[in-house]
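Asker: Provided below for reference: sequence and predicted model.
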Amino acid sequence: MAGKLLTADPAIVPGKHEYLVLVTSTTALVFNDYRMFGKVTCESLPEKGRPGSIRLPAWWRTLPPQPHEEASNRTRFRELLHRGPRRPLKALILDQDKFPGIGNWMAEEIL
């Protein structure tokens, strides 16, 4: 639901919903997103660092815990409920800033 990353012929003519095309001599990498939910970001790596170390982008490091992680527990859920007591429960569960990765189907199963 957040776009697709596809390979294509390097002679591709981008269509209406193809927002990024990276072309090499043998293929093209195309980001297609007809619903406009996805995004592409570019991150620069530090010039010097420990060999083999992985540096996550800032937006990735600030994501809330995934539903299956230990930090996503009843205490956290209770705090989120108290912050918006009038908000419908399904809307809270679908809020990607609080519960990333939960979509409509999963929210229906949870409820």
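Answerer: On my side now, so go ahead.
Asker: output stretch 101-111 as PDB, restricted to C-alpha atoms.
Answerer: C-alpha atoms of stretch 101-111 as PDB (Å, rounded to 0.1, in the frame of the first residue of the first chain):
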ATOM      1  CA  GLY A 101       2.700  -1.600  10.300                       C
ATOM      2  CA  ILE A 102      -0.800  -2.200  11.500                       C
ATOM      3  CA  GLY A 103      -3.300  -1.900   8.600                       C
ATOM      4  CA  ASN A 104      -7.000  -2.100   8.300                       C
ATOM      5  CA  TRP A 105      -7.100  -5.900   8.100                       C
ATOM      6  CA  MET A 106      -5.000  -6.400  11.200                       C
ATOM      7  CA  ALA A 107      -6.900  -3.700  13.200                       C
ATOM      8  CA  GLU A 108     -10.100  -5.500  12.400                       C
ATOM      9  CA  GLU A 109      -8.600  -8.800  13.700                       C
ATOM     10  CA  ILE A 110      -7.400  -7.100  16.900                       C
ATOM     11  CA  LEU A 111     -10.700  -5.500  17.600                       C
END
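Asker: pull out the buried residues from it.
Answerer: 102, 107 (16 or more other Cβ atoms under 10 Å). Yep, even glycine has a C-beta here, placed from its N, CA and C like the rest.
Asker: centre of the chain to the worst-scoring helix or strand of the chain on mean pLDDT, how far?
Answerer: Sorting the helices and strands of the chain by mean pLDDT, DSSP states H and E puts helix 58-61 at the bottom, at a mean of 78. Remark: helix 58-61 is offset 11 Å from the chain centroid, using Cα atoms, centre = their mean, to the nearest Å.
Asker: helices and strands around whichever strand or helix holds residue 78, which ones?
Answerer: Assigned by DSSP states H and E, residue 78 belongs to helix 74-83. Packing partners of helix 74-83 (3 or more Cβ pairs under 8 Å, 6 or more residues apart in numbering; DSSP states H and E): none among the helices and strands.
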